[in-house]
Every structure is written in structure tokens, then in C-alpha cells.
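J.: return atomic coordinates for the entry below.
(one chain, ligands or ions: 1)
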Amino acid sequence: MSSTDATPLSEDMLIIHGGTPLEGEVTVRGAKNLVSKAMVAALLGTSPSVLRSVPAIRDVEVVTGLLRVHGVDVELDGDTLYMDPTSVESAGVEEINVHAGTSRIPILLCGPLLHRLGRAFIPDLGGCNIGGRPIDFHLDALRQFGAVVEKDASGTHLSAPNGLHGIRYELEFPSVGATEQVLLTAVMAKGTTELRNAAIEPEIIDLICVLQKMGAIIKVHTNRVIEIVGVDELKGYRHRALPDRIEAASWASAALATEGSVFVRGAQQADMMTFLNVFRSIGGAYEVDDDPVEGGIRFWHPGTPLKPVALETDVHPGLMTDWQQPIVVALTQADGLSIMHETVYENRFGYTSELRRMGANIELYSDCLGGTPCRWGRRNFLHSAVIAGPSKLHAADLQIPDLRAGFSHLIAAMAAEGTSRVYGVDRYITRGYENFEEKLLGLGAKIERPVTK
Ligand code: EPU
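T.: Predicted structure coming up:
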């Protein structure tokens, strides 16, 4: 992943003295994968929007920058974001390209910008390096809506000379981003859109709530069918983002792997049901406090040996691919052979080579080692892992390859004996984990930054 982060690599490092159970509580705010999309939706309004529970993460900064270059007035007050899109304007290729390679969100600006301005320019995308991550579904759907797509060396230019019109469209795979693309474009396209094989992640349902507040008409039918009736105008919204269930599961897995106990304030049972079942099957314990303000879920290691499990990731309501990495670290401590079959991305086990250097016993296979044959098995990708535990993890110098893998490296270093140095924390972890260092210190982790001369 390219980055605009100016931190020299040697300073972008955290020293972790492992072997201490994490004990205490952390708070999770709005989900990164909803907040960034709700910010894009604000572009569609004729009046200002207010988004609450916004986490202080770099992806929010990137989308703030993208909105600002398009004339949106964005102000952050605490964790409340005010966005005024009344003076939206086209931005120059150069000012947009400042954000090239930093995030996948720019592709979602296409529909809103085409509606507001009749044209859009999208820079080269970034995001985590966890597979090819093509955007063919996005561009294909946009073309069907009536967009003209032209690529050149600077990026992708789009226009809509005849306006955008509702479509009947079936996704090859229930892609989160492509579903959001269709939603953000269809809400103001002329006529009705029917999307089949849509993704139905809680973050998508929350985005639908945002769009409905703005005046959209969106019907979620059974069997992954979403129907959108285009309207002529949308207004601003007021919305509290749903909590980040990926961050919540990361802290839960850290509690389990370090034999600790962490109360995750803000974690919600309904959105995490599949994770909670897995957590319990492994031998972890949890307790739900459903107080609407102070509530959350406490996760802990009950002191009995962890049990091996066979799992596969899937689209919602299956096991999230973003939960896979922290769970695998916890499984290195389970007593026996566990299996993890990754069916969403073709290349999401790169991080296991670093875990192996720490003493984990993990082998990768190109076969589909799960109940569901997936598209990656046929194409020979190393997308199944067998984890033999329990392994005594020892400290190592680790290089973070991407956001979620990075947090799993932190967990492994905290569970390991000795002092590890984890490189790339500023570049990767800050994209999606708010104040992670303060949170780690609050949980008793023994971490420090290198002394700079
Ligand atoms: N795909 C295509 N063509 C497309 C779009 C997707 O082949 O045009 C494929 C992808 O290559 C992948 C699969 O479809 O194999 C699923 O990708 P999806 O579009 O669902 O992912 P995304 O929208 O790019 C979001 C999250 C990811 C999360 C996935 C799956 C955001 C910003 N990112 O990505 O989150 O893993 O959905 O739930 O919402 C993260 O937070 O660290 C992260 C990577």
C-alpha cells in the first residue's frame, strides 16, 4: 500500500513487552466501514448532515479531505461531524490525486458526484493489500446506470451525458462496496433499481437508514434483493453510526489470547452474533450488558484450555473476513488442530508468516478446507489455514502488512514471551483503530515508543 504518511519507518514502531493479560475496558465508537460511507452520502443532500460517534481514525481524515476538495464544509466537534454540501463543486485532478492510494472510498463518490455535478474523477485506489481488489462490479454497474467511464494515466473520469437511470442488476458476488455503489447511485437515479445478490452487512443496513433519513425509498427484500425507488432530491441527515464490530472483536480476541478480561463498551450483541458463537466454541467467555448508553460486552479467558474449531469466513451473516486474523492468533493457543477457510479474499493469510516466526504452527493450503467450495480453491490461491496449537509464542520483530493483520500482530506480541518490535503501526493501525495506544496502556499492556535522538 502506498501511503502519504511522512513518519520514517524506524520511528513508526511500537515496542511490546509481552506476557501480560489485558485487563480493563475500552470504548468502541462508530464503525469505520459505515462512517466513511455515511460521509459520502452527505454529498447527496441539499442541506447539512450531522454524523455522531465518529472515530478519530485516518480513513475519516482521508474522506474529510476528499469532501473538502469538492467544496463540502466539514467540521469535527468531539466525535460529531458536521458536513455542509450546499456549495459542492468540481475538484481538480491534482487536488483529488493527493488522496490517491490512501483508501478505497473514492470509488464510492462516483454516483453522488455524477448526480451533483454531472462528472467525477476517481484517483488510483488504495486500501489494504489483501488480494487483487478489483472494481469491475462498480464500473460495470455505473455504466449500466448510464455513466461513461474513461481511464487515463491520472485515474478514472466519469460523466453522465444522458443522466443516470434505474437498473436491474445482479452482483456476481455480494460485494459490500459494489452494493454501496449501487445504493448511492440508485437513490437519485430516474426510476427504480433492483439489485440482486446484494451484500446485507449491518454497516450496509445502517447506510440504508442514513439514506432513508435523507428521503430515499429503499426496500430490503428477502434473498439479498434490494429495491430502490429513485427520488429527485435528498436532504441532510442526523445519524449516530453503529458501533465498530471489527474493533470489538479485535479486543475480544486480544483478551482471549493474553488470558485477560476486557469490557468492550459499545459492542452490540445483534451485530456480533456469529463472532460470539465462535468465541464461545473456542472456549472464551462473554457477558452482554445491553444498557443502551453504558452497555457493551465483557470478554474473558475462563482459565480452562481453549478448544480447536473449524471455521470459514463468509459474507454476512457469516463469519466476517475482518474477524479472521485476530481469531487465528487466539487459535494458536487452542489445544489441537483448527481450520480457517477464507472465502472472501484470495490473499488474506500473508500475516501468518510473521506468526510462524514467533513459534505458531500454521500451514496454508490452496484446497477449500471447509464445507463450502469457494472460487479461490479452483484458482489455486493459498486461502485455507491449519493451525496446530497450543504454541508458546516468542517475541520477534514484526512488519505489519495491512490493517487487520497489523492488529493481530499486536495481539500476538502481547501474548508472546519477551519484547517484540512491531513496525508500521502508524501507517496501518491508525487507519481503523482509534487511540489504540491509549487503549492498550489502559488495559495494562506494557508498550513503549522507541526513544528518538
Ligand atoms: N470484488 C470484485 N470486484 C469488485 C468488488 C469486489 O471481484 O468490483 C471482490 C473482492 O476482490 C473481494 C470480494 O469481492 O474478493 C469482496 O469485496 P467487497 O467489495 O465486499 O469488499 P470492499 O467493499 O472492498 C469492505 C470493507 C473491508 C471488508 C470487506 C468485506 C470498507 C472500506 N472495506 O471492502 O474492510 O473486508 O468489505 O466485508 O468497507 C477493513 O476494514 O480492514 C477492510 C478491509
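J.: so residue 203 sits against residue 34, correct?
T.: Yes - using Cβ atoms under 8 Å, residue 203 is in contact with residue 34, at 4.2 Å. To be clear about C-beta, it is placed using only N, CA and C from the backbone, and glycine gets the same treatment.
J.: which neighbours do the two have in common?
T.: Listed as contacting both residue 203 and residue 34 by Cβ atoms under 8 Å, 6 or more residues apart in numbering are residue 242.
J.: show the pLDDT at the residue nearest to residue 172 when sequence neighbours are not counted.
T.: Of all residues not flanking residue 172 in the chain, residue 137 sits nearest, at 6.7 Å (Cβ to Cβ, 6 or more residues apart in numbering). Residue 137 is assigned 96 on the pLDDT scale.
J.: residue 137 contacts residue 178, correct?
T.: Yes - with contact defined as Cβ under 8 Å, residue 137 and residue 178 form a contacting pair (3.7 Å).
J.: find the residues that touch each one of these two.
T.: Common contacts of residue 137 and residue 178 (Cβ under 8 Å, 6+ apart): residue 171.
J.: of these two, which one has the most company?
T.: residue 178 (27 against 18; other Cβ atoms under 10 Å).
J.: what strand or helix carries that one?
T.: Per DSSP states H and E: residue 178 is located in helix 176-186.
J.: which strands or helices does that helix pack on?
T.: Applying 3 or more Cβ pairs under 8 Å, 6 or more residues apart in numbering; DSSP states H and E, we find helix 176-186 packed against helix 32-41, helix 110-117, helix 136-145, strand 192-196, helix 202-214, strand 226-229.
J.: please save the CA atoms from that helix in CSV.
T.: Provided in CSV are the C-alpha atoms of helix 176-186 (Å, rounded to 0.1, in the frame of the first residue of the first chain):
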residue,chain,number,x,y,z
VAL,A,176,-20.0,-4.7,0.2
GLY,A,177,-18.6,-1.8,-1.8
ALA,A,178,-20.5,-2.6,-5.0
THR,A,179,-23.7,-2.8,-3.1
GLU,A,180,-23.0,0.6,-1.6
GLN,A,181,-22.1,1.9,-5.0
VAL,A,182,-25.5,0.8,-6.4
LEU,A,183,-27.3,2.3,-3.3
LEU,A,184,-25.5,5.7,-3.5
THR,A,185,-26.2,5.9,-7.3
ALA,A,186,-29.8,4.5,-7.4
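J.: what does that helix contact?
T.: By Cβ under 8 Å, 6+ apart, helix 176-186 touches 33, 37, 40-41, 44, 104, 107-108, 110-112, 114-115, 135, 137-138, 141-142, 145, 164, 166-167, 169, 171, 193, 195, 198-199, 201, 203-204, 207-208, 211, 218, 226, 228, 230, 315.
J.: burial of the residue lying closest to residue 418 once chain neighbours are set aside, as a residue count?
T.: If the residues on either side of it in the chain are set aside, residue 418 comes closest to residue 395, at 3.2 Å by Cβ to Cβ, 6+ apart. Residue 395: 20 surrounding residues under other Cβ under 10 Å.
J.: likewise for the one 5 residues further on?
T.: Around residue 400 there are 24 other residues, counting by other Cβ under 10 Å.
J.: tell me the contacts of residue 339?
T.: 309, 310, 311, 369, 370, 384, 385, 386, 387.
J.: tell me the SS of it?
T.: When classified by DSSP: H, G, I helix; E, B strand; the rest coil, residue 339 comes out as strand.
J.: hang on, the earlier thing: a markdown table for the contacts of residue 339, including secondary structure and pLDDT?
T.: What follows is the contacts of residue 339, written out as a markdown table (DSSP: H, G, I helix; E, B strand; the rest coil; pLDDT from 0 to 100):
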| residue | secondary structure | pLDDT |
| --- | --- | --- |
| 309 | coil | 98 |
| 310 | strand | 97 |
| 311 | strand | 98 |
| 369 | coil | 95 |
| 370 | coil | 85 |
| 384 | strand | 97 |
| 385 | strand | 98 |
| 386 | strand | 98 |
| 387 | strand | 98 |
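J.: which one (most neighbours) among these?
T.: Among the contacts of residue 339, the one with the most neighbours (other Cβ under 10 Å) is residue 387, at 26 neighbours.
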